[in-house]
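**Q** What follows is a predicted structure for the sequence shown.
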Amino acid sequence: MKKNKIINIIIYIIIFSIGCCCGKLIDWGYFVLNKEISIIDAISLFLTIGCAIYISKVLEKEVQDVRIEKEMFISQVENTESPLVELGNKLNSTTYTEVISLYSKSNITRHKLFKKIDSFKKSEFKSG
């Protein structure tokens, strides 16, 4: 993979060098940089930079916060599912009291999960 990157870079440099030589020989038009900046362009530039910073800092953080909350709910669902899977695996080879104990653990975990989901929906409703 590194060989391919090095070869590509060398090819790009060669193509760029050939293009520069051809441009010097033929003397095609080129860009002229003006040292004067209009106020409108400066304001537009600063507003664009400000919007980019706002998007990268504030909005991306909000998206990540929502993603983290969703991952927490997914882990809670997995935590709820694991006692049920354990219950299914042990159902044939355990006593009645062990089955009841595992069932009550899964109910408690399920109840906590639904409480968190309800509180999340309420907080999302208030903020939205």
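**A** Cool, got the structure. Numbering: from 1, shown residues only.

**Q** Please compute how far the lowest-mean-pLDDT helix or strand in the chain lies from its chain's middle.
**A** Within the chain, judged by mean pLDDT, DSSP states H and E, the helix or strand with the poorest mean is helix 96-127; its value is a mean of 78. Taking C-alpha atoms, centre = their mean, to the nearest Å, one finds the center of helix 96-127 at 28 Å from the center of the full chain.

**Q** Enumerate the positions of that helix that are buried.
**A** 102, 105-106, 109-110 (16 or more other C-beta atoms under 10 Å). Every C-beta, even on glycine, is put in place using the N, C-alpha and C of the backbone.

**Q** Show me which of those residues is closest to Ile53.
**A** Among these, Thr109 lies closest to Ile53 (C-beta to C-beta), at 42.4 Å.

**Q** tell me the SS of the closest residue to that closest one other than its chain neighbours?
**A** Leaving aside its chain neighbours, Thr109 sits nearest to Thr80 (4.8 Å; criterion: C-beta to C-beta, 6 or more residues apart in numbering). The local conformation at Thr80, judged by DSSP: H, G, I helix; E, B strand; the rest coil, is helix.
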